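Colleague: no sequence on hand, only this structure:
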């Protein structure tokens, strides 16, 4: 069936008429902040403690806008007879947001959850060179990252959370065991001290009684008397 001439124009005018009848709403930005969706892609926050300088994010970035510098440090052996280990220490982590296309690949490939999306979007600069933000600024944006959505009621507990809880319970049990052993040792030491003090007091009492029993009587004569042969 051939389209009716002018049907497209009529549809367009219908949209215009519906819009004209609606109340106009003006966003009062920047006085009123907009309500952004929970998964808005604003900037990338860095949780530095989780970064192991594996370089995966920098290698997978299609725009090569992530710059990472690091050095190695020697970690002493944890136990006598063990060997020293080396670890990477992060010196610089910067992202050039003038090149970033917000694809999120760096966040997806990070194996240690060191990068997160933040809804923060007010980071415009007058100079394009100032859009390269270092790790201090990325760390500040980390505090604007929203909390993750709650799990479904029937969802399984994450393996990481179960492992963390198991480790925490184990450490708590060990701490309670050590505290009980310390309390028992302190109680035993207290009893031993009291027993020692009681023994010493008994010995001192007996020694005093013996001394009083064997001491000479001042009323009895100690030398030869008159009339003794």
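Modeller: Structure received. Note that the structure is a prediction, hence the values are computed from the model and not measured.

Colleague: and residue 122, that's in a strand?
Modeller: No: counting by DSSP: H, G, I helix; E, B strand; the rest coil, residue 122 is not found in a strand; it is coil.

Colleague: mind checking pLDDT for it?
Modeller: You'll see residue 122 listed with a pLDDT of 90.

Colleague: look up phi and psi at it.
Modeller: Dihedral angles of residue 122 (phi, psi; degrees, to the nearest 10) stand at phi -90, psi 80.

Colleague: buried residues, the longest strand seen in the chain. List them.
Modeller: Using DSSP state E, we find that the single longest strand of the chain is strand 85-96. Using 16 or more other CB atoms under 10 Å as the test for burial, strand 85-96 gives 90, 93-96. Glycine gets a C-beta too; all of them are placed from N, C-alpha and C.

Colleague: quick one: list the elements packing against the very next helix or strand once past that strand.
Modeller: Counting by DSSP states H and E, the next helix or strand C-terminal to strand 85-96 is helix 105-109. Packed against helix 105-109, as judged by 3 or more CB pairs under 8 Å, 6 or more residues apart in numbering; DSSP states H and E, are the following elements: helix 56-60, strand 115-118.

Colleague: residues touching the first one, excluding its own?
Modeller: The list of residues contacting helix 56-60 from outside it, by CB atoms under 8 Å, 6 or more residues apart in numbering, reads 64, 66-68, 105-107, 109-111, 115.

Colleague: let's test this: mean pLDDT of it, rounded?
Modeller: Mean predicted confidence for helix 56-60 is 95.

Colleague: offset the numbering so it begins at 3, please.
Modeller: Okay, residue one is now 3; in that scheme the one you just asked about reads as helix 58-62.

Colleague: what's in contact with the following helix or strand past that helix?
Modeller: Of the helices and strands lying after helix 58-62 in sequence (DSSP H and E), the nearest is strand 68-77. Contact with strand 68-77 is made by 55, 57, 59-60, 86-98, 108, 134, as judged by CB under 8 Å, 6+ apart.

Colleague: and stretch 22-30, by the same measure?
Modeller: Residues contacting stretch 22-30 (CB under 8 Å, 6+ apart): residue 36.

Colleague: off-centre distance for that stretch?
Modeller: Computed by CA atoms, centre = their mean, to the nearest Å, the chain-centroid distance of stretch 22-30 equals 46 Å.

Colleague: first to last residue in it, what's the distance?
Modeller: Stretch 22-30 has an end-to-end distance of 21 Å (CA to CA, to the nearest Å).

Colleague: what's the burial count for residue 58?
Modeller: 16 (other CB atoms under 10 Å).

Colleague: how close does residue 182 get to residue 172?
Modeller: 16 Å (CB to CB, to the nearest Å).

Colleague: SS state for residue 29?
Modeller: coil.

Colleague: pLDDT weak spots in this protein?
Modeller: 3, 211-231 (pLDDT under 70).

Colleague: phi and psi next, for the most centrally placed residue in the chain.
Modeller: The centroid of the chain falls nearest to residue 51 when counting by CA atoms, centre = their mean (8.2 Å). Main-chain dihedrals, residue 51, degrees, to the nearest 10: phi -60, psi -30.

Colleague: quick one, what contacts residue 41?
Modeller: residue 119.

Colleague: where does it sit: helix, strand or coil?
Modeller: Relying on three-state DSSP, one would call residue 41 coil.

Colleague: pretty sure residue 99 contacts residue 44?
Modeller: No: the criterion here is CB atoms under 8 Å, and residue 99 misses it with residue 44 at 10.1 Å.
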